[in-house]
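J.: Output the structure for:
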Amino acid sequence: MGTMKSIIVREYGEPEVMRIEETPIPKVGVSDILVDVKAAGVNPVDTYVRQGVHPSTPPLPFTPGKDGAGIVSAVGENVQKVAVGDRVYLAGSKTGTYAEYAVCDEAQVWKLPERINFQQGAGVFVPNATAYRALIQKAKATDGDTVFIHGASGAVGIAAIQWAKNVGLKVFGTAGSEKGIELVKAQGADFAFDHTGENYLDQINEITDGKGVQIILEMLANVNLQRDFEVLAKFGKIVVIGSRGSLEFDPRLTMGKDAAILGMALFNASKEDFTEIHKAIFRGLDSGFLKPVVGKTFDLSDAPKAHHEVIESKAFGKIVLTRS
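T.: Numbering: from 1, shown residues only. Okay, the predicted model is just below:
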């Protein structure tokens, strides 16, 4: 089969544990699909897997990556869903997407509409599936609701704005930079704020006449969760999508507002939920209301830099690895 370049993690740890190596192109079993990966998406979840602290961490050594896009290169004899030459996006793989080729099963490979290029395709799965699960499946958002996306300039936040506008929600979004705020506005948020400032929660209360918002999507709960209650409406829901630590929290806040705090991890979704998610994603991409925004691209060999970037920098679109 020949060889390929892939990122290998031989020990858990800092981004620098990821090294590019020459490895054999994996063999295809009867129900497998081999994808020529043109671009791989970098998500915060990949950094937790690399550290060995995420439930979906494979045994060492492994190639990281759940997202990617490319062209079907070979299929096993039992595969019905796709054919050689099809453009696809990946929702996970058996062998990891930070590589020139990845082996997948049929549930992990989905057709990519022509209007979406491979770099955008690398940003399809985790961000869009996470945002859909949080907003539609967990918060059960309906036309006319108001949503506050606390951290709206990253890949999940952008996907959440796009889903929210499609189902008729009023959207408040925050970002941590001027560039991020412009992006949030450009994606269709009704109001955009700088979450490094002091008074954005007061502004949200002013705009909502003190009633607050029905839904909050929270990307950094350890920093924001306590104060989110200042703008949460009665019977409101907070969906915790991301958190990087713990916090002092007064549970009485949940009582006064009859509030629900919903935790979510995408990979807890059932098979049926994932089927619904992928159908919705294809419709969104195909009709054009879902459009992944690529923030920065790195060469595959620069995976460590990409991991630093996704955690340490101000969120701005999707970070993607491409081949040189």
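J.: In the stretch 1-150 of the chain, where is pLDDT below threshold?
T.: 1 (pLDDT under 70).
J.: residue boundaries of the strands in it?
T.: For the stretch 1-150 of the chain, the strands defined by DSSP state E, counting those that start in this stretch cover 3-9, 18-24, 32-42, 67-75, 87-91, 101-105, 109-111, 146-150.
J.: possible to save these as JSON lines with mean neighbour count and distance to residue 195?
T.: To be clear about C-beta, it is placed using only N, CA and C from the backbone, and glycine gets the same treatment. Formatted as JSON lines, the strands of the stretch 1-150 of the chain follow (neighbours: other CB atoms under 10 Å; distance: least, CB to CB, whole Å):
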{"stretch": "strand 3-9", "mean neighbour count": "20", "distance to residue 195": "32"}
{"stretch": "strand 18-24", "mean neighbour count": "15", "distance to residue 195": "30"}
{"stretch": "strand 32-42", "mean neighbour count": "27", "distance to residue 195": "22"}
{"stretch": "strand 67-75", "mean neighbour count": "24", "distance to residue 195": "26"}
{"stretch": "strand 87-91", "mean neighbour count": "25", "distance to residue 195": "30"}
{"stretch": "strand 101-105", "mean neighbour count": "23", "distance to residue 195": "36"}
{"stretch": "strand 109-111", "mean neighbour count": "22", "distance to residue 195": "33"}
{"stretch": "strand 146-150", "mean neighbour count": "28", "distance to residue 195": "7"}
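J.: For those strands, could you give me TSV that also reports distance to residue 214?
T.: Listed next are the strands of the stretch 1-150 of the chain as TSV, based on distance: least, CB to CB, whole Å:
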stretch	distance to residue 214
strand 3-9	41
strand 18-24	41
strand 32-42	30
strand 67-75	30
strand 87-91	29
strand 101-105	38
strand 109-111	31
strand 146-150	5
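J.: out of these, nearest to residue 318?
T.: Of all the strands of the stretch 1-150 of the chain, strand 32-42 sits nearest to residue 318, with 6.0 Å by CB to CB.
J.: What is that closest one packed up against?
T.: strand 67-75, strand 87-91, strand 101-105, helix 118-121, helix 125-132, helix 303-312, strand 318-322 (3 or more CB pairs under 8 Å, 6 or more residues apart in numbering; DSSP states H and E).
J.: who wins for proximity to residue 270 among these?
T.: The nearest among these, by CB to CB, is helix 125-132 at 12.8 Å.
J.: What residues does the closest residue in space to residue 116 that isn't next to it in sequence make contact with?
T.: For residue 116, ignoring the flanking residues on the chain, the nearest one in space by CB to CB, 6 or more residues apart in numbering is residue 285 at 5.4 Å. The contact partners of residue 285, taken as CB atoms under 8 Å, 6 or more residues apart in numbering, are 112-113, 115-116, 124, 291.
J.: for the record, mean pLDDT for stretch 237-244?
T.: Regarding stretch 237-244, the rounded mean pLDDT is 95.
J.: host element of residue 182?
T.: In this assignment (DSSP states H and E), residue 182 forms part of helix 178-186.
J.: Can you name the element that comes right after that helix?
T.: By DSSP H and E, the next helix or strand past helix 178-186 is strand 191-194.
J.: same for that following strand, what does it pack against?
T.: Under the contact criterion of 3+ CB pairs under 8 Å, 6+ apart, strand 191-194 touches strand 170-175, helix 178-186, helix 200-207.
J.: Counting neighbours, which bits of the first one end up buried?
T.: Going back to what we said before, that points to strand 170-175. Using 16 or more other CB atoms under 10 Å as the test for burial, strand 170-175 gives 170-175.
J.: Same check on the longest one?
T.: The neighbour-count criterion (16+ other CB under 10 Å) identifies 180-181, 183-185 as the buried residues of helix 178-186.
J.: for the protein, which helix is longest?
T.: helix 271-287 (DSSP state H).
J.: still on that earlier bit, and the helices and strands packed on strand 32-42: which comes nearest residue 265?
T.: Taking these one by one with CB to CB, helix 125-132 is closest: 9.1 Å.
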